[in-house]
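>>> The sequence and its predicted three-dimensional model are supplied below.
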Amino acid sequence: MNTSCFACRGDECIALKPAKACCEGCRFFKTMRRARIGRKRARALIAAKPPEHQKYIADKYYQGAMPWKEGKHHDDQGTA
């Protein structure tokens, strides 16, 4: 079991649906730091899109919220 992966909760990987057991050889392994960096980069890309695209993304994946505009940089689970 790899407990340093951002997606391991207990002995399950929450990044995969349905949840699977965490393991050392997982192709989706990512540290917490790398996951935060990835989210930050993704939000920067979204913020650079035209307003109508941002609205679509906010409605589809963030329940209408736009954390890339609001300055919210918390670690969301299961978001873009």
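Okay, I see it.

>>> Residue ranges of each domain in this protein, please.
What automatic domain parsing lists as the domains of the chain is 1-30, 38-70.

>>> Let me know the next secondary structure element after the helix or strand of the chain with the lowest mean pLDDT.
In the chain, no helix or strand scores lower on mean pLDDT, DSSP states H and E than strand 20-21, which sits at a mean of 76. Reading on from strand 20-21 to the C-terminus, the next helix or strand found by DSSP states H and E is helix 32-47.

>>> could you give the angle of whichever helix or strand comes after that following helix to helix 32-47?
Moving toward the C-terminus from helix 32-47, the next helix or strand (DSSP H and E) is helix 51-61. Orientation check (axes from the mean of the first three to the mean of the last three C-alpha atoms, to 10 degrees): helix 51-61 against helix 32-47 gives 140 degrees.

>>> picking up where we left off before, least reliable of the domains of the chain by average pLDDT, please.
Between the domains of the chain, the one with the least mean pLDDT is domain 1-30; it has a mean of 77.
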